[in-house]
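Q: Requesting a structural model of the entry that follows:
(2 chains)
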Amino acid sequence: MATAVAEPLTPRPRTRVPLPPKLRAPGWYRAAPFSVIGLGVAIGIDVGIRAAQHYHPVVSGNAIVPLALILVPLFFIVGIGCCDYWAYWAIGRRTRPEDHSTHGAYSWRDYFRVNTDHKVIGIQYTVTSFFFLLVGGLLAMLIRVQLAKPGMQFLTPEEYNGVFSVHATLLIFLFVIPVFAGLANFVLPLMIGAPDMAFPRLNALSYWLLPMGGIMMLMSFLAPGGSFASGWTAYAPLSTTMPLGQLFFTVGVQFAGFSSIFTALNFLVTIITMRAPGMSFFRMPLLVWANFSTSLLVVIATPFIASSQFFVILDRALGFHFFDAFVGAGKNGNVLMYQHVFWFYSHPAVYIMMLPGFGIISEIIATKSRKPIFGYRMMAFSLLAIVMLGFTVWAHHMFVSGMQPWIRIPMMITTAIIAIPTGIKIFSWLATLWRGVLHLDTPMLFALGFLTMFTLGGISGVMLAMIPFDIHVSQTYFIVAHIHYVLFGGSLFTIFAGVYYWFPKMTGRMLDDRLGKLHFWLTFIFFNLTFGPMHIIGIQGMPRRVAEYAAKFEAWNLFISISAFILGASTLVFLYNIVSSWRGGPRAPGNPWRALTLEWQVSSPPPVFNFDAVPTVVGGPYEYGVPGAVHGIFKPPTEAKPVAAGVGAGSDPPRQERHE
Amino acid sequence: MLVIGLIGLAILLPISLLAIPWFSDKASTQAGNIHTLYDVLLIVSVPMFVLVETVVIYSMWKFRMRPGDELKDGPPIHGNTRLEVMWTALPAVLILGLCGYAYGVLRSNEANKKSALTVTVTARQFAFEFTYPPVGGKTVVSPVLYLPRGRPVVFKLRSLDVIHSFFVPEFSEKLDAVPGITTTVRVTPTRAGSYPVECTELCGAGHGLMRANVQVVTPAAFQAWLAAQKGTAPPVGTPPANVINSGAYSNGNSGSGNGLPAGGGSKSGTSSSSGSGYSSRSGG
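A: Have a look, this model is predicted:
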């Protein structure tokens, strides 16, 4: 063909229709279409591979769902903006200058987007977790309706198994673990004198992973075959053979787990590197020690539950043989291996669910008794002891599992030994109360209620360590009683205590103390009436996780159900208090409890970047009773003079004197 | 405060030891030992709880803030080394003592006894089946567990599908039936009567209804019952009796055996148990 005369080479103008700004900026307008794209990618990959490999049917819901469960939340997270900065940086584009536009809460909208302020993230975590507390609690009410009478078929057995499985899973992974992360997220940087966490963007990502997991678990009720129904423990081979709903647990737990791991990493780096000048490890408040210990547990243990669930996914989705029980034809699986891997995380998990609560109680009891924590160093060391010992006791959940019998003996001993650091803490709190000036307001009442309930839970725990007794009560209602005494009477009481204590700091409003006391007494009384009798019916032989039971347990079950309904109703008092106080309660001063720790030395709520001047820590965090003692001052280190401790002022820096 | 504590103890300890009907009736030697263990645990635990609770309640009364003391602090007591050593050492001694005692109970409960009757328990979704040793070429398989009073029994537990558990509250013994392995639990029934057998490991929709019945009768009645049963084929997947009893299917005979049937299990034909839910996967 004839060539034309050479023309000057001008680049063809590119005409591109720019996306509207709302779809380009991080936020919900972008996250929604991104999620749809994620679904498309999942379907595309799945159908593409199946067509290429000639698997029939090419379009299979069972095959698409696992991939969709992983990809859609990830695309949502990218869409809402958790990864923008890292993405630009990674591909070499100019990152947006840090104008702190994603930092701090100036309106309610800031709570519904990616925000890098630890205070905003803390409140996001706490409110999201309490939403899942309410859902999990409603599921508990359904359980108690089903069990109010034998022979009642309010739920089918499959539905019932689903209800208690989702109940436990939501409350463990979507309430207790994240709410402690949330409270610590808000309080901890303030307590160590830092302007924020070490990795604020990672912090935001940790938060957004959480509702992904939670929504997934709730959506399992819509799956064909019903929700996951193999308990929160999801033992193989039941979990590898149950319908599609099981995968919502398997994948949902991974999201919650990653949220937890990222937060723990953040806490560890923050605590190790960002403490204010003068805050040595032994001048840290015990809440910081507690979160330090918990974060160690989380980063080491959580990958193990991820792996147990990966084994399940691989067995289900790709025909792997991890848990194939019957030997022959190349299937050499090991059913019990699931339990070992699962419990290697899930036992430390119970300490993850308790240690931050211990930290909260230490703060409240010291401040409300107006006394230093008794035996501060042993309190810190016992936290570390619990972390180490917590990894050595997992098989006490498997005494009747059919594992090698000899393992039971060392596990009994380590389980018994872990009672000792726990006992040290309880005795130290009692000694802190002794001869103090006790302010018996709502946070303190919950703390004292915790001491009682956790002692009972600990006692049933020591009983369970004794193998022959455990053989009798394993998988009965005695276990249900034990776990609720330590998780509800233990963890939840500390959570309530922490919320009542730090609500003024977080919101700038005071909660109504009379309503708080009403909430406490209703909860305390009906909690004991609900879970106390379970010890008895458990020993008498009522199994757990049953939709039906023998007639001889009828009377106690009805009593328990009625008490449980009132316990559930008591939550409404709490909710009303929170909502009405947040909207219009009395304004809170900076330091309503006259506490010494650093978070109380700033306004309520704190300024966006926490401290106008970096504080210098000059003494311990609980120096009540020493006239003129302070924990931190707002002067630079060079100007900070040591404060004389009480009698005998001199130039010596304050020592932890032991007054016998 | 001491007085309050002692009064509390005097009320709670007898109530917990005597008035509360913790256990169903005990019907085995194992149960007797475990009931005693529990009494010991109560005797240790109740005073501990009373101690903690007394301090809490007494402190709430004696040390509560009085009007006018809003700005007052307590004395700056940081610790007391002797007290802290005591409350570390004494519980440690107590706890380790309890471990030793519990270990003794365990050894006693799980000891090999002579002239034991071996019963194979086959668990499936959602029923139990009990297989007796063959007598004169006849193998009895029964949905009801008949046992002679006074004779030690060795239960070999097997599962055909998912994990189940075999529990009789009156015997105070329990063990999981795990697919792919045989587990062993020992009971010596001591009291005639009819007791429930419960599955205590979540196994699916029918878990709440997975129950059976154990009848403990006199040895003579047991022999009569056994003789009157028609022999039937063992459940699908049961290894032949000689394999079950020879120990090839489990590792050792002390305590609960956990044998991974590496080579020995396959010859018993368990691979023929189709329909176990693992073999076919529709590519998803």
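Q: Retrieve the pLDDT associated with residue A:5.
A: The model reports residue A:5 with a pLDDT of 56.
Q: Residue A:20 too?
A: The model's pLDDT for residue A:20 equals 77.
Q: Measure how far stretch B:162-174 is from the centre of its chain, please.
A: Mean-position distance between stretch B:162-174 and its chain equals 6 Å (Cα atoms, centre = their mean, to the nearest Å).
Q: Quick check: end-to-end length of it?
A: Stretch B:162-174 has its terminal residues 17 Å apart, counting by Cα to Cα, to the nearest Å.
Q: Stretch A:480-497 too?
A: Length of stretch A:480-497, first residue to last, Cα to Cα: 23 Å.
Q: any bit of it sitting next to chain B?
A: No. Residues of stretch A:480-497 contacting chain B under Cβ under 8 Å from any Cβ of the partner chain: none, with a closest distance of 11.7 Å. Using the backbone N, CA and C atoms, a C-beta is placed for each residue, glycine as well.
Q: Please apply the same query to stretch A:450-469.
A: Yes. Using Cβ under 8 Å from any Cβ, a contact is recorded between stretch A:450-469 and chain B, made by A:451, A:452, A:455, A:456, A:459, A:462, A:463, A:465, A:466, A:467, A:468, A:469.
Q: Point out where chain B drops to low pLDDT.
A: Residue ranges of chain B with pLDDT under 70: B:233-284.
Q: Pop the domain breakdown of it in here.
A: B:2-63+B:82-110, B:117-260 (automatic domain parsing).
Q: need the contact list for residue 217.
A: Defaulting to chain A. Counting by Cβ atoms under 8 Å, 6 or more residues apart in numbering or on different chains, residue A:217 touches A:166, A:169, A:170, A:173, A:174, A:228, A:248, A:249, A:252.
Q: I was after chain B.
A: Listed by Cβ under 8 Å, 6+ apart, the contact set of residue B:217 reads B:146, B:147, B:148, B:149, B:192, B:225.
Q: Which of the domains of chain B has the highest mean neighbour count?
A: Among the domains of chain B, domain B:117-260 has the highest mean neighbour count (mean count of other Cβ atoms under 10 Å in any protein chain shown), at a mean of 20.
Q: Contact residues of the stretch 51-200 of chain A facing chain B?
A: Counting by Cβ under 8 Å from any Cβ, the residues of the stretch 51-200 of chain A close to chain B are A:55, A:60, A:62, A:63, A:156, A:157, A:158, A:160, A:161.
Q: so which of these is the most crowded?
A: residue A:161 (29 neighbours; other Cβ atoms under 10 Å in any protein chain shown).
Q: Skipping its backbone neighbours, what lies nearest the residue of the stretch 401-550 of chain A found nearest chain B in space?
A: Closest approach between the stretch 401-550 of chain A and chain B, counting by Cβ to the nearest Cβ: residue A:541, at 2.9 Å. Nearest residue to residue A:541, sequence neighbours excluded (Cβ to Cβ, 6 or more residues apart in numbering or on different chains): residue B:169, at 2.9 Å.
Q: Surely that neighbour is in contact with residue B:25?
A: No. When contacts are counted by Cβ atoms under 8 Å, residue B:169 is not listed as touching residue B:25 (9.1 Å).
Q: which residues does residue B:83 contact?
A: residue A:431.
Q: I'd like the mean pLDDT over stretch A:103-116, please.
A: On average, stretch A:103-116 scores 89.
Q: Span of that stretch from start to end?
A: 5 Å.
Q: Just the buried residues of that stretch, please?
A: For stretch A:103-116, a neighbour-count test (16 or more other Cβ atoms under 10 Å in any protein chain shown) marks A:103, A:105, A:110, A:113, A:114, A:115, A:116 as buried.
Q: Over to stretch A:314-325?
A: For stretch A:314-325, the neighbour count (16+ other Cβ under 10 Å) marks A:315, A:316, A:317, A:320, A:322, A:323, A:324, A:325 as buried.
Q: Check the secondary structure at the residue nearest to residue A:544 when sequence neighbours are not counted for me.
A: Leaving out its chain neighbours, the residue that sits closest to residue A:544 by Cβ to Cβ, 6+ apart is residue A:480, at 5.1 Å. Judged by DSSP: H, G, I helix; E, B strand; the rest coil, the three-state class of residue A:480 is helix.
Q: State the pLDDT value of residue A:480.
A: Turning to residue A:480, the model gives it a pLDDT of 98.
Q: Surely it touches residue A:546?
A: No. Using Cβ under 8 Å as the test, residue A:480 is too far from residue A:546 to be in contact (10.8 Å).
Q: so where do the strands sit in chain A?
A: Using DSSP state E, the strands found in chain A span residues A:616-617, A:632-633.
Q: Using CSV, lay out the ones you listed together with distance to residue A:441.
A: Converted to CSV, the strands of chain A look like this (distance: least, Cβ to Cβ, whole Å):
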stretch, distance to residue A:441
strand A:616-617, 27
strand A:632-633, 25
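Q: Format those strands as TSV; extra columns: mean neighbour count, distance to chain B and mean pLDDT.
A: Output for the strands of chain A, formatted as TSV (neighbours: other Cβ atoms under 10 Å in any protein chain shown; distance: least, Cβ to the nearest Cβ, whole Å; pLDDT from 0 to 100):
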stretch	mean neighbour count	distance to chain B	mean pLDDT
strand A:616-617	21	17	94
strand A:632-633	22	18	90
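Q: picking up where we left off before, pick out the most distant pair among the residues of stretch A:450-469 next to chain B.
A: The most widely separated members of the residues of stretch A:450-469 next to chain B are A:451 and A:468, with 29.5 Å between them, by Cβ to Cβ.
Q: I appreciate the help and will end here.
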